[in-house]
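Novice: Build me a model from this:
(2 chains)
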Amino acid sequence: MERKLMNGNQAAALAVKFSRVQVVCAYPITPQTSLVENIAEMWARGNFPGEYVSVESEYSAMSYLIGASYAGARTFTATSCQGLAYMHELLHWAAGARLPIVLVNVNRAMGAPWSLEPDQLDSLSQRDTGWIQFYCADVQEIMDTLIFSFRLAEQTRIPCMVVYDGFVLSHTYEVVELPIQEQVDAFLPSPPCSAAFNPARPQTIQAVTDSRYLSPVLRERHLSMLKVPGAVKEIDLEFQEIFGRSYPLAEATGLEEAETVIVTAGSLAQTVKSFLYSFKNGKEKLGLLRLRLFRPLPGDEIVPLLCRQGLRRIVVIDRNVSAGTGGIFAQELRALLQGTSYRGEIYELNLAGGVDLTPELLNKGLQAVSLNSGDRGNIIWGVDLK
Amino acid sequence: MINTLMGSFSQEEFLLSGHNACPGCGPAIAVRHIMKVTASRAVIVIPASCWSIISGVVPLRALETVVMHCPFPSAAATGGGIKKGLEAVGDPHTQVLVLAGDGGTFDIGLQGLSGAAERNEDIIFVCYDNEAYMNTGMQKSSASPYGSYSTTTPAPKVKGNPKKDIMKIMAAHQVPYAATATIAFPGDLSSKVERALERKGFRFLHILTPCPQGWGSPIDKTVELSRLAVLTRLFPLWEVEGGVNYRINFLPEEYLPVNEYLKSQKRFSSLEQSQVDFIQENVERQWEELCHKAGVANRFSAALAGHKNGRK
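Specialist: Take a look at the predicted model:
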C-alpha cells in the first residue's frame, strides 16, 4: 500500500477522485481553496473521471449539485464559513429532497469581523439542516471519512457533511495510507441512477404541499436520521474489511477509570490525546471522548460511556459559541445527559474565535475547573488563560 | 405579416385542464404554446413564481412532462446541474427548460442567471414576464415598468425607474441565442422555442405575459394587451445570436402611441401626460437603437426627432 505525505485538502481531493464523483461544482474560499484547485488540476490534465464546474457562488454550487444529484449523478462540493452560510437555504432543500450529496466544510470563523481562525460555528450553525455531520481529527481520517460518506449518503439518502479544522488539518501535512482504486470500487457501488428525469413519464417533484403530506415526510426524515448510527457501524465493518481501518461513532480514550472526561471534536482531540499520555502521572485520572458523528449525535453510544460510577466531571472543549447559550457541543451534551444517571458536573472550556489549544492552556483550564463552583453559566474562556 | 407570426399548432395539449391559473392568465397561455413545441423533449425547472402554483399542488399535476421545483434564486444553476447530471448518467438528449418569472430572472435570480449564461450552460431559460411579483399579490420587481402601481410602490409613489433591460444584459453575455416573444404572436413564439431547441448552449427567451389580476385589465384583453405592447413597440419582437447578430421579427407599419397600451390598465392610472411622454421618448430611443443594431431603417425616426426637438 502506498504511503504519501499530504495535507487535509489534498487528501480530500484524492478521496473525491477515488470515489469516482461524476459532478464536482464549487466556488473557492480560504481555507478550502487548495482542495478545489487540486480537483481542477486533476480534471484539467485528464486525471479526474468526472466533470468539474467552477461557478459564480456557493449558492449556485449547491443548486447545481441538487440538479445533478436529481439526475442520478454522484456529486461533491467543498466550502467554508461564509460560503457554507450562503448555501444554507439549499442545504435544507438537499436534505428535504433526500439527495446523497457529499460536502466538505473546512472550519473557519464566521464574520464579522473577518477572520481565518478555525472556529466551528460555521458547520455547527447548520446542525438543523438535516445533514449528517462528521468531525475529523487527522488527515487519514479525512480521506477515509469522505470515501465512507458517499456510501453512507447513497445508502441512507441523506446528504453528508465532512468537517475539519481550517489550516490545522487543511494545510498540515501528515503521512496518509492511500487506497487502491479496486478497493474503493469494491466499497462504493455505482451511484443509483435516478429514473426521475424521463420526460415521457410525467411527474412533478417538490410541488407545493400541506401538513397532511408534509408532516409524514418530516417524520420519515427524522426516523431515517435516527437509523444513521446503525448504518455507520454496519458500513464500518465493511470498510474495515476492505481498508483495514475502522472508525467509531465517538472515540473513547481511557474512559474506564477516568474521574474527569474531556469531551471535544476535531483536531482538538489530538492535542488532548497527546496531553493524556503526558498527564498519566498526574493525581487525577483523565479520559477523552471525541465526538466524531455529530449529526445525528449517537446518544446510545455516548450516554453509557459517561454514566459511570466514579466519573465526577465532564469538561467540554468547544471552539465555538452560540451567543447567550455557550458552546454548542456542551449544550448538546447537557441535553443528551438530561434524565440519565450522570450526576457529575459539566464544565465548559471555550476556545471560540479559534484559540489554539496547547498543553499549557489545557493544564490551566483543568486547574480552573478544579477551582470552579460548577455553575452552569460559568464558562472558562481559553483566551483568559493565555 | 401578422399571419406568418400566427403559425400552426399541434392539437396535442401538454397543459392539462383544471390547472390553477387565474382567468385570463398570460403565463398559462405562454406555457401552453411552449409545451406544444417542447412536448416530451424537455424537463422543466420552476423556481418560486406563479407557475409554482399553476403546475399543481400535491397531489395534482398540470403539465405533461417532468417538472422540478427549486428555490427562488436557484433556477439557472439547478437547470445547469440537471443537464450536467443527465449527461453524466448517459442521457445527452433530454433538454432542460427553466421557467422563471420576472422576479426569478431580473431580481433574485440574476446572479445565478448571469453565472449560467457566462458558463454557457446547455439549457433554455424562459422568463415569463408579468412585470411584478404577481403570485404573491403584485409587489414590484425590477421588471415593473416606469410609472406602474404595485403594492410596494403604491400611489402616489409609483415606480420611478424604468424597467431593467434584461435582453441587453443577456446579449452582453454573448449567449448563442436570446429572443423576445409574446402570446399574441404564437407562431413567432413557437418558432423561437423551436430555434432554441435546435441550438446548443445557453438560450434565453423573454416572453411578455400580461396578468389581468395585477395589471388591472379585463380578463378577455390579455392577448390584445400583448399585441398592443408589440404594436406600440414597448415590447418589440426580436432575437440576437451570439450577442452580435440582431434581427427584428416584426416591424409595425403604423405608428401607434404608447397610450393605446397604457390607458386600459389600472396599474398606470396615476400617470400624468409628462410621464406618458417620457415612456414614449424611451420607446423611440430604444427602437432607434434596435433598428440600428438590426440594420433596418427606422420608419418612425420622425417621432424620435420630435422628442429630440422637445416637441410633445
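Novice: So for chain B, the centremost residue is which one?
Specialist: residue B:207 (2.2 Å; Cα atoms, centre = their mean).
Novice: residue contacts, it?
Specialist: Residues in contact with residue B:207 (Cβ atoms under 8 Å, 6 or more residues apart in numbering or on different chains) are B:30, B:126-129, B:180-183, B:189. Backbone N, C-alpha and C define where each C-beta goes, glycine included.
Novice: separation between it and residue B:226?
Specialist: 9 Å (Cβ to Cβ, to the nearest Å).
Novice: Name the residues contacting each of those two.
Specialist: Counting by Cβ under 8 Å, 6+ apart, the residues touching both residue B:207 and residue B:226 are B:182-183.
Novice: Let me see the confidence value for the closest residue to residue B:250 other than its chain neighbours.
Specialist: Computed as Cβ to Cβ, 6 or more residues apart in numbering or on different chains, the closest residue to residue B:250 that is not its neighbour in sequence is residue B:237, at 4.4 Å. The model reports residue B:237 with a pLDDT of 98.
Novice: Equivalent analysis for the one 3 residues further on, please.
Specialist: In the predicted model, residue B:240 carries a pLDDT score of 98.
Novice: how about it, phi and psi?
Specialist: phi -140, psi 140 (degrees, to the nearest 10).
Novice: what's the answer for residue A:322, then?
Specialist: phi -90, psi 110.
Novice: who touches it in this structure?
Specialist: A:121, A:124, A:328, A:331.
Novice: which parts of stretch B:211-230 are buried?
Specialist: B:211-217, B:221-223, B:225-230 (16 or more other Cβ atoms under 10 Å in any protein chain shown).
Novice: Same check on stretch A:242-262?
Specialist: Those buried within stretch A:242-262 under the rule 16+ other Cβ under 10 Å are A:243, A:247, A:249-255, A:258, A:260-262.
Novice: Export these to CSV and append columns for distance to chain B.
Specialist: Below are those laid out as CSV (distance: Cβ to the nearest Cβ, whole Å):
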residue, distance to chain B
A:243, 26
A:247, 29
A:249, 32
A:250, 34
A:251, 36
A:252, 41
A:253, 42
A:254, 47
A:255, 44
A:258, 47
A:260, 47
A:261, 42
A:262, 41
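Novice: domains for chain A, by residue range?
Specialist: The record assigns chain A these domain ranges, following automatic domain parsing: A:3-242, A:250-385.
Novice: if you compare these, which one is most tucked away?
Specialist: domain A:3-242 (a mean of 20; mean count of other Cβ atoms under 10 Å in any protein chain shown).
Novice: With adjacent residues omitted, what lies nearest to residue A:117?
Specialist: According to Cβ to Cβ, 6+ apart, the nearest residue to residue A:117 is residue A:354 (2.5 Å).
Novice: pLDDT score assigned to the one you found?
Specialist: pLDDT, residue A:354: 97.
Novice: How about residue B:310?
Specialist: 51.
Novice: Double-check that residue A:133 belongs to a helix.
Specialist: No - counting by DSSP: H, G, I helix; E, B strand; the rest coil, residue A:133 is not found in a helix; it is strand.
Novice: Backbone torsions only: list them for the residue lying closest to it once chain neighbours are set aside.
Specialist: Distance criterion Cβ to Cβ, 6+ apart; nearest residue to residue A:133, sequence neighbours excluded, is residue A:295 at 4.1 Å. Main-chain torsions, residue A:295, degrees, to the nearest 10: phi -130, psi 120.
Novice: isn't residue A:13 right next to residue A:39, touching?
Specialist: Yes - using Cβ atoms under 8 Å, residue A:13 is in contact with residue A:39, at 5.0 Å.
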